[in-house]
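Colleague: Dropping a prediction and its sequence here:
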Amino acid sequence: MTMNLQTIEVHPVGDAVASVIVLHGLGADGTDFLPFADQIDLSDVGPVRWLLPRAPVRPVTVNNGYRMRAWYDIFQFGAEAKSPREDEAGLRESFAAVHALIDREVARGVPAQRIVLGGFSQGCAVTLGAGLRYRERLAGLAGMSGYLPLAGTTAAERRDANALTPLFLAHGQRDPVIGLDRGIATRDALEALGMAVEWHDYPMEHSVSAEEVADLQRFLQRVLSA
């Protein structure tokens, strides 16, 4: 059974012609990205609906089993996590929940090719895993300060519909949580699959910068105006 996600929605004036879904990071909340709906100007695209889902609350191993919002369990952090043991069941559960959220947007009248899926950290991992496995073409995928999960099965499981979906990847040069090397490895793995990756790195840690938001705005304007 697919879990239903609590979702914060920012509705435009008028019927939405496009939707942007943003997945938060570990221990955070959908409200973290409410400023995106104000800061990112997509007026040239038309009325855009923002969806900010909240991950379920679950125990997280790396934090001594403390319960927090998480898209999946984390067993290791930092340098120890270069080749981490992954919570495959949790990841796949979140992939399915995000697919259901996209399906709901399509049912509300926004075609899949007018939907961008993005996320930060854990949300980036779910964005890449779910987006590449979605059965219909999406407008774009945007991954911030994250990595490619279940990398060993991505080539076999990705859908042809999203083989050429535009992809925005950004990472902090001084990220102590998910090192820049993991971001670069993700970029290289996706390029090896033939994907067109727009890559950015910034002089920051595990965070989002104003420059990154500006670059993301340009990406969204481009892929939603195509």
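Modeller: Right, received. Where do you want to start?
Colleague: mind listing the strands for this structure?
Modeller: 6-10, 18-23, 48-54, 57-60, 66-69, 115-120, 140-144, 167-172, 197-202 (DSSP state E).
Colleague: Which positions in the longest helix along the chain come out as buried?
Modeller: Taking DSSP state H as the assignment, the helix of the chain that covers the most residues is helix 88-107. Residues of helix 88-107 classed as buried: 90, 91, 92, 93, 94, 95, 97, 98, 99, 101, 102, 105 (neighbour count, 16 or more other CB atoms under 10 Å). For the C-beta atoms, the positions are set from N, CA and C on the backbone; glycine is no exception.
Colleague: picking up where we left off before, as a markdown table, the strands of the chain with distance to residue 212 would be great.
Modeller: Written out in a markdown table, the entries for the strands of the chain read as follows (distance: least, CB to CB, whole Å):
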| stretch | distance to residue 212 |
| --- | --- |
| strand 6-10 | 20 |
| strand 18-23 | 13 |
| strand 48-54 | 17 |
| strand 57-60 | 26 |
| strand 66-69 | 22 |
| strand 115-120 | 10 |
| strand 140-144 | 7 |
| strand 167-172 | 5 |
| strand 197-202 | 6 |
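Colleague: Just put these in TSV and tack on mean pLDDT, distance to residue 191 and mean neighbour count.
Modeller: Listed next are the strands of the chain as TSV, based on pLDDT from 0 to 100; distance: least, CB to CB, whole Å; neighbours: other CB atoms under 10 Å:
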stretch	mean pLDDT	distance to residue 191	mean neighbour count
strand 6-10	95	32	14
strand 18-23	98	23	27
strand 48-54	98	28	22
strand 57-60	96	31	15
strand 66-69	96	31	14
strand 115-120	98	19	26
strand 140-144	98	13	27
strand 167-172	98	9	25
strand 197-202	98	5	17
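Colleague: Among those, which comes closest to residue 178?
Modeller: strand 167-172 (7.7 Å; CB to CB).
Colleague: The closest one - contacts with which helices or strands?
Modeller: strand 140-144, helix 180-192, strand 197-202, helix 210-225 (3 or more CB pairs under 8 Å, 6 or more residues apart in numbering; DSSP states H and E).
Colleague: For the longest one, give me every contacting residue.
Modeller: When contacts are taken as CB atoms under 8 Å, 6 or more residues apart in numbering, the neighbours of helix 210-225 outside the stretch itself are 18, 20, 36, 39-42, 44-45, 48, 114, 116, 118, 139-140, 142, 144, 166, 168, 170, 198, 200, 202, 204.
Colleague: try the third one
Modeller: Applying CB under 8 Å, 6+ apart, the external contacts of strand 197-202 come out as 166-173, 180, 183, 187, 190-191, 209, 211-212, 215, 219.
Colleague: relative to strand 140-144, how tilted is it?
Modeller: Interaxial angle of strand 197-202 relative to strand 140-144 (axes from the mean of the first three to the mean of the last three CA atoms, to 10 degrees): 20 degrees.
Colleague: and strand 197-202, which strands flank it?
Modeller: strand 167-172 (parallel) (DSSP bridges).
Colleague: same thing with the first one?
Modeller: Strand 140-144 has these partner strands in its sheet, going by DSSP bridges: strand 115-120 (parallel), strand 167-172 (parallel).
Colleague: Near the nearest residue to residue 52 once chain neighbours are set aside, how many other residues are there?
Modeller: Closest residue in space to residue 52, ignoring its immediate chain neighbours: residue 30 at 3.4 Å, by CB to CB, 6 or more residues apart in numbering. Residues within reach of residue 30, counting by other CB atoms under 10 Å, total 22.
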